[in-house]
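Undergrad: What would the 3D arrangement of this be:
(2 chains)
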There are 2 protein chains.
Amino acid sequence: MSEDKLRIDRIQKGTVIDHIDSGYAITILNLTGLDESQNLMTIGVNVSSKKLGRKDIIKIENVFLNQTQMQQISILSPNATISLIDNFRVIEKKKVEIPKVIKQLIVCVTKTCISNSEKEPIDSEFLVLEERPLKIECKYCERRYRLNEIYFTSKEKSGKKIKQALNL
Amino acid sequence: MSEDKLRIDRIQKGTVIDHIDSGYAITILNLTGLDESQNLMTIGVNVSSKKLGRKDIIKIENVFLNQTQMQQISILSPNATISLIDNFRVIEKKKVEIPKVIKQLIVCVTKTCISNSEKEPIDSEFLVLEERPLKIECKYCERRYRLNEIYFTSKEKSGKKIKQALNL
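TA: Next comes the predicted model:
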């Protein structure tokens, strides 16, 4: 038996997210909601790369990213590049950019922060103090966070997502 | 610019999980903990398949699955096949099998169920009543679950996993 069935081909039209920090591709799919896409996706995790040593890559057919998804990727993987593909060719290639202020995508965990007020909650805003490694500060209560301390806002997922109970 | 860099090659040694129900590959990676692997992985989501219409596939180098991971996959995707690869060839191929009794992998959400007793909790056990679509029953309190109602046990993840706050 020869094991040569899966050769993942170029995509005709869609998006290639390349130079993702190694090990972050699945995290990016979960956060951006691309994990629920009905489109053809091919993903490489811990792929050899001249530039990064190792990297991840995501190719997704017939999908173009919105601003929110680009910002989510920039937070998790500031070196990532986004290529738009049409007719098998790269028609545009750009680097993601971390915004100076991150709005709504992240939750401040300070309970008394005005962004969590039960009566009149306001949208969260975080100032980006340092990009790499990431350091951000809540605009309201000034609490500071590094990447591994961040809680992202997310939508309830449906369909094929599983529910997990931690540490039971 | 030609977009032809990512051709995902055959693996020399490792595991191919094929015929995964479409859309479940990322879920399987998250549940089995393979998402934290340091090894090369290539993943196809919503790939065309003669047998299933669409399917997902995971190839992971230098990794062989343990019994727990095989059971987790069988619950999420009972048609999945596992191929062990060595020297670029399939040396063994098997179908996953749903066990008759699922132990520890799933949490009963009935608070008063003896499996959740605070004093002397005992390991959960679920009887598999029907395989496809899945229907299981808690051995202790007899509560029944379908796949989308199941809570899986999980380990706290470290490293590159993000924390998400629902619906804020």
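
Undergrad: Helices of chain A, start to end?
TA: A:25-32, A:67-76 (DSSP state H).

Undergrad: Quick one: check the last one for contact with chain B.
TA: Yes - using CB under 8 Å from any CB of the partner chain, helix A:67-76 reaches chain B at A:Leu76. In this view, the C-beta of every residue, glycine as well, is placed from N, C-alpha and C.

Undergrad: A:Leu29: neighbour count?
TA: 26 (other CB atoms under 10 Å in any protein chain shown).

Undergrad: so what's it closest to, chain neighbours aside?
TA: A:Asp35 (4.2 Å; CB to CB, 6 or more residues apart in numbering or on different chains).

Undergrad: ok, that neighbour - how many residues close by?
TA: Neighbour count of A:Asp35, defined by other CB under 10 Å: 22.

Undergrad: Out of the helices of chain A, which one sits most buried?
TA: helix A:25-32 (a mean of 24; mean count of other CB atoms under 10 Å in any protein chain shown).

Undergrad: From the contact counts, what lies against that helix?
TA: Applying 3 or more CB pairs under 8 Å, 6 or more residues apart in numbering or on different chains; DSSP states H and E, one finds that helix A:25-32 contacts strand A:14-21, strand A:41-49, strand A:53-61, helix A:67-76, helix B:25-32.

Undergrad: Rounded mean pLDDT for the last one, please.
TA: Per-residue pLDDT values over helix B:25-32 give a mean of 94.

Undergrad: Can you pull out the residues in contact with it?
TA: With CB atoms under 8 Å, 6 or more residues apart in numbering or on different chains as the test, helix B:25-32 has contacts from A:26, A:29-30, A:35, A:160-162, A:164, B:17, B:20, B:34-35, B:41, B:43-45, B:56-58, B:65, B:68-69, B:72-73, B:76-77, B:152, B:154.

Undergrad: my read: A:Val96 touches A:Ser74, true?
TA: Yes - shown here, A:Val96 and A:Ser74 form a contact pair, counting by CB atoms under 8 Å, at 3.9 Å.

Undergrad: Quick check: neighbours shared by these two?
TA: Common contacts of A:Val96 and A:Ser74, defined by CB under 8 Å, 6+ apart, comprise A:Ala80.

Undergrad: Bridge partners for A:Ile102, pull those for me.
TA: For A:Ile102, the beta-bridge partners under DSSP bridges are A:Phe126.

Undergrad: any idea how far it is from B:Asn66?
TA: Distance of A:Ile102 to B:Asn66, computed by CB to CB, to the nearest Å: 39 Å.

Undergrad: before we move on, the earlier item: do you know how far the residue nearest to A:Leu29 is from B:Ile17?
TA: 17 Å.

Undergrad: ditto for A:Pro99
TA: 38 Å.

Undergrad: Compare neighbour counts for the two and give me the winner.
TA: Neighbour count, other CB under 10 Å: between A:Pro99 and B:Ile17, B:Ile17 has more, with 26 against 14.

Undergrad: Surely the more buried one touches B:Lys55?
TA: No - assessed by CB under 8 Å, B:Ile17 is found out of contact with B:Lys55, at 10.5 Å.

Undergrad: what would the helices of chain A look like in a markdown table with distance to A:Tyr140?
TA: Below are the helices of chain A laid out as a markdown table (distance: least, CB to CB, whole Å):
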| stretch | distance to A:Tyr140 |
| --- | --- |
| helix A:25-32 | 23 |
| helix A:67-76 | 19 |
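
Undergrad: how many other residues sit next to A:Leu147?
TA: 15.

Undergrad: quick one, what contacts it?
TA: A:Leu147 sits next to A:75-76, A:133-134 when contact means CB under 8 Å, 6+ apart.
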